[in-house]
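Visitor: Sharing a model prediction with you, sequence too.
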Protein chains: 2
Amino acid sequence: MKKAATELTGVKEIARRANVSIGTVDRVIHNRVGVSEKTKQKVNAIIEELNFQPNKMASLLATRKSMNFAVLIPAVSADTDYWSFPLTGIEQAAAETKQFGVSVKHYFYDLDSKESFTKASHELLNDAPDAVLLAPSFVEESAVLAAKLDELKIPLVFINSDLADQNNLAYIGPDLYQSGRLAAQLISLSLQQQDNVLIVNISSDLKNDHHLVRKEHGFKKFFEDAGSKTKVATLNINETKLTAVEQSLMQTLDASPDVKAIFVTNSRVNIVAEILKKHNRNNTLLVGYDFLKKNIDYLVSQQITYLICQRPKEQGYLGIMALYKHLFKVSEVERSVYMPIDIITKENYLFYNS
Amino acid sequence: MKKAATELTGVKEIARRANVSIGTVDRVIHNRVGVSEKTKQKVNAIIEELNFQPNKMASLLATRKSMNFAVLIPAVSADTDYWSFPLTGIEQAAAETKQFGVSVKHYFYDLDSKESFTKASHELLNDAPDAVLLAPSFVEESAVLAAKLDELKIPLVFINSDLADQNNLAYIGPDLYQSGRLAAQLISLSLQQQDNVLIVNISSDLKNDHHLVRKEHGFKKFFEDAGSKTKVATLNINETKLTAVEQSLMQTLDASPDVKAIFVTNSRVNIVAEILKKHNRNNTLLVGYDFLKKNIDYLVSQQITYLICQRPKEQGYLGIMALYKHLFKVSEVERSVYMPIDIITKENYLFYNS
DNA sequence: ACAATTATCGTGTACGTACACAAATTGATG
DNA sequence: CATCAATTTGTGTACGTACACGATAATTGT
């Protein structure tokens, strides 16, 4: 560790070389008005030559900017702790950017209630944040919010699911179709000639749950593309209570004895695991989603074979970071960032975090 | 975006409340000598009360520290481009920390030559860096270097493989044993009753390649723990040329027709893939390591079924970051960081980067 | 030719912290 | 109580950039 050599650096050096004051250099850098074309060229040439990068710390220190970010995501419910992971990532990013003047305010909505979403989004708009991170679970309501934010020129980043035709800064989340394909591949690798497969959608509002549909689509497409003879049936269950799922599922399974693998299109795979365990079906290949406590438990007990995850924590982290980078002009932000599709098993789940 | 309220903040506010000068506050914060116990207590109490966090930017700006990091890793060879990934991560971290005064110098060695390692490590020591990131491929030579660095009190971080009993700051890399177990699990999920498995170690110096041994160990242990009847044989090939591998491998395979799965314990799995393709063995399950161009090609053509990866890019990135955080006192550094063990297939490889 | 604009440029202060140096206080000693 | 040293505390300047304001130069109008 040593002190830097004491030669002029930064704007001062540029100013010296260009025979102007640092004020003028400053104006050129921020292309403000009030500098002649000639000197502007001269200064820009020197900036180019020196490959000058402004000292971010000094500039941040000088501006004393402060930004309020708003985050609108589902609340962590008793039903699922999925959203605790993006939240952790968001908090981590908040901690890292705090020293640069970023403060993050949270707004939560209930996944079962569109009204709660609308209400929270009104609160959010009232607070006039400088940027918004949104998990657009409700398509139409989210579009309304996105439109308003666009009007107010407040940058918006989606996480977890995308919304088409929106003028958002970025999307950070999974490729659902492809994750369905992956599930299909994993299952197909363990299937015998005569085995069949069952897709289980568990959702109280399947029509609006584009998530599940896209995954199912990818799953089926894989078997189609492979020219496989495997029969793929779908079971839609529009209640999320165990007993309701149990009745519906067992009825189906009893009627089709060749089902050797089940693909649950969301994190409720632990419900299916519980049912299979209860009925002593231990040789069914079970694939589902998300690194939740309950799911991991069944992964360890081998009721669940594979869990597919898409780095929920990183989604939150990268979402905040994208806004930060954009507003503080740290770097350009990619329009779409698809998360890796991770496969979690009994043998690697321990290392999935950190 | 708005200006922060114009009230006193930071050391000034502390100084005001404690009725001392900012110089004294500064002394307390860095617990320098020359401040009476009484005022030290007083100031510390106020720091506590305000939950004061020094402004990193201002402090960095004021100190104008600059640090030289040295990186000693294998050169990217024609044989494998594996080390290009850690390198990318290192360069990314270097770019991010550059503005904080970090400069990173690279030293490369040849994986086939201990002399090149020794030579490079001498150069490194000559340059007296402030910190070192090391991939300790050669155990003894690395231990020598580590000891010298320890003597000079230069912090050292290992990536990619660990070295026992060294006084290093951190290790960032894979858990090899567990990755072997994972390979075993993946294979076992596709195995029939009567199928057998072959482990293939391809290395010109297997005795010293603790990597492969640890993976093999984990692999075998999985089948043991599962109480499986599957026969697991091992084939050691101490040449890396295709023809040599081909001869050895095909001889073994011809002699044991029940081998339905092959586990190659390193990234040379593409050699095996090429051989199997040549001999029209398309229904063998093949599992190996690392996200290399050649391997991905065979993954796409389905010659390789699974690739196991341990985020080489992140290893480089986190390695540099650990040194940065330590030297700039940003945060504490974890002693061991095990990378997630990722499973890559034809259906998810596209999303593995970024 | 002169004032009145307007375009261009320079200067000073601030951001929050670090550190060298100066100043003030304390305590001991003759 | 004066003197000196040791201890404790205060002050000033620097880091590199931002920006308000004042100063100068170029242009226009009469």
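Guide: All right, it came through fine.

Visitor: C-alpha only now, for contacts and for neighbours.
Guide: Fine.

Visitor: For the stretch 101-250 of chain A, what lies in contact range of DNA strand C?
Guide: Remark: no part of the stretch 101-250 of chain A is in contact with DNA strand C, using CA under 7 Å from any atom of the strand.

Visitor: which residue does the stretch 101-250 of chain A bring closest to DNA strand C?
Guide: Closest contact between the stretch 101-250 of chain A and DNA strand C, by CA to the nearest atom of the strand, is at A:G101 (10.3 Å).

Visitor: for the nearest residue to that residue once chain neighbours are set aside, helix, strand, or coil?
Guide: Spatial nearest neighbour of A:G101, chain neighbours left out: A:S66 (4.4 Å); criterion: CA to CA, 6 or more residues apart in numbering or on different chains. Under DSSP: H, G, I helix; E, B strand; the rest coil, the three-state class of A:S66 is strand.

Visitor: For A:S66, give its distance to DNA strand D.
Guide: Per CA to the nearest atom of the strand, to the nearest Å, A:S66 is found 12 Å from DNA strand D.

Visitor: Once you drop chain neighbours, what's closest to the residue of the stretch 101-250 of chain A found nearest chain B?
Guide: Here the residue of the stretch 101-250 of chain A nearest chain B is A:S190; by CA to the nearest CA that distance is 4.5 Å. Nearest non-adjacent residue to A:S190, counting by CA to CA, 6+ apart: B:S190, 4.5 Å away.

Visitor: hmm, back to that, can you tell me who the residue nearest to A:G101 pairs with across the strands?
Guide: B:K2 (DSSP bridges).

Visitor: my guess is it meets A:K98, correct?
Guide: No: counting by CA atoms under 8 Å, A:S66 does not reach A:K98; the two are 9.2 Å apart.

Visitor: Now for these two: what residues contact both?
Guide: Residues touching both A:S66 and A:K98 (CA atoms under 8 Å, 6 or more residues apart in numbering or on different chains): there are none.

Visitor: Comparing these two, which residue is more hemmed in?
Guide: Using other CA atoms under 10 Å in any protein chain shown, the more surrounded residue of A:S66 and A:K98 is A:S66, with 18 against 14.

Visitor: Relative to A:V333, how far out is the more buried one?
Guide: 20 Å (CA to CA, to the nearest Å).

Visitor: A:D175 now?
Guide: 19 Å.

Visitor: Can you pick out the residue with more neighbours from the two?
Guide: The residue with more neighbours, out of A:D175 and A:V333, is A:D175; 22 against 16, by other CA under 10 Å.

Visitor: so who does the residue lying closest to the more buried one once chain neighbours are set aside touch?
Guide: Nearest non-adjacent residue to A:D175, counting by CA to CA, 6+ apart: A:Y338, 6.1 Å away. For A:Y338, the contact set (CA under 8 Å, 6+ apart) comprises A:172-175, B:351.

Visitor: nearest to DNA strand D, of those?
Guide: Nearest member of the contacts of A:Y338 to DNA strand D, counting by CA to the nearest atom of the strand, is A:I172, at 28.9 Å.

Visitor: where does that closest one land in three-state SS?
Guide: Using three-state DSSP, the structure places A:I172 in strand.

Visitor: my guess is it contacts A:Y317, does it?
Guide: No: in this structure, A:I172 is not within contact of A:Y317 by CA under 8 Å, at 9.8 Å.

Visitor: neighbour-wise, which of these two wins?
Guide: Neighbour count, other CA under 10 Å: between A:I172 and A:Y317, A:I172 has more, with 26 against 23.

Visitor: Given the helix or strand containing A:K260, what are its sheet partners and their directions?
Guide: Following DSSP states H and E, one finds A:K260 within strand A:259-264. Strand A:259-264 pairs in its sheet with strand A:196-202 (parallel), strand A:285-289 (parallel), by DSSP bridges.

Visitor: Quick check: pLDDT value at A:T97.
Guide: According to the prediction, A:T97 has pLDDT 85.

Visitor: Hmm, I typed the wrong one, I wanted A:Q166.
Guide: A:Q166 carries a pLDDT score of 92 in this model.

Visitor: And for it, the neighbour number?
Guide: Quick note: A:Q166 (other CA under 10 Å) scores 15 neighbours.

Visitor: Surely A:P129 is in a helix?
Guide: No: read with three-state DSSP, A:P129 is coil and lies in no helix.

Visitor: okay but it is in contact with A:F69, surely?
Guide: Yes: the pair A:P129 / A:F69 is scored as a contact, 5.7 Å apart, by CA under 8 Å.

Visitor: More neighbours: these two, which one.
Guide: Per other CA under 10 Å, whichever of A:P129 and A:F69 has more neighbours is A:F69, with 25 against 20.

Visitor: Verify the stated contact: the more buried one with A:A131.
Guide: Yes: using CA under 8 Å, A:F69 is in contact with A:A131, at 4.9 Å.

Visitor: What separation do you get for the residue of the stretch 251-354 of chain A found nearest DNA strand C and A:N44?
Guide: At 15.9 Å from DNA strand C, A:F328 is the closest residue in the stretch 251-354 of chain A, using CA to the nearest atom of the strand. The gap separating A:F328 from A:N44 is 22 Å, by CA to CA.

Visitor: Which one's more surrounded, the two?
Guide: A:N44 (18 against 15).

Visitor: right, and that one touches A:D26 too?
Guide: No: in terms of CA under 8 Å, A:N44 does not count as a neighbour of A:D26; the distance is 11.0 Å.

Visitor: residues contacting the residue of the stretch 101-250 of chain A found nearest DNA strand D?
Guide: The stretch 101-250 of chain A approaches DNA strand D most closely through A:G101 (14.1 Å), counting by CA to the nearest atom of the strand. When contacts are counted by CA under 8 Å, 6+ apart, A:G101 touches A:64-67.

Visitor: swap in A:K260?
Guide: A:191, A:195-197, A:283-285 are the contacts of A:K260 under CA under 8 Å, 6+ apart.

Visitor: For the stretch 101-250 of chain A, what lies in contact range of chain B?
Guide: Residues of the stretch 101-250 of chain A lying close to chain B (CA under 8 Å from any CA of the partner chain) are A:130, A:178-179, A:181-182, A:185, A:189-191.

Visitor: Reformat those residues into a markdown table and put neighbour count and distance to A:F291 next to each item.
Guide: Formatted as a markdown table, those follow (neighbours: other CA atoms under 10 Å in any protein chain shown; distance: CA to CA, whole Å):
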| residue | neighbour count | distance to A:F291 |
| --- | --- | --- |
| A:D130 | 21 | 32 |
| A:Q178 | 23 | 18 |
| A:S179 | 27 | 15 |
| A:R181 | 23 | 19 |
| A:L182 | 25 | 17 |
| A:Q185 | 19 | 20 |
| A:L189 | 15 | 22 |
| A:S190 | 18 | 22 |
| A:L191 | 19 | 25 |
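
Visitor: Keep only those of these that are in helices.
Guide: Those of these mapping onto helices are A:178-179, A:181-182, A:185, per DSSP state H.

Visitor: From the residues you listed, pick the one nearest A:S36.
Guide: Set against A:S36, the nearest of these by CA to CA is A:Q178 (54.6 Å).

Visitor: Share the number of residues neighbouring the residue nearest to the closest one when sequence neighbours are not counted, please.
Guide: Leaving out its chain neighbours, the residue that sits closest to A:Q178 by CA to CA, 6+ apart is A:G218, at 5.9 Å. A:G218 has 20 neighbouring residues, counting by other CA under 10 Å.

Visitor: ok, now how distant is A:G218 from A:S336?
Guide: Distance of A:G218 to A:S336, given as CA to CA: 19 Å.
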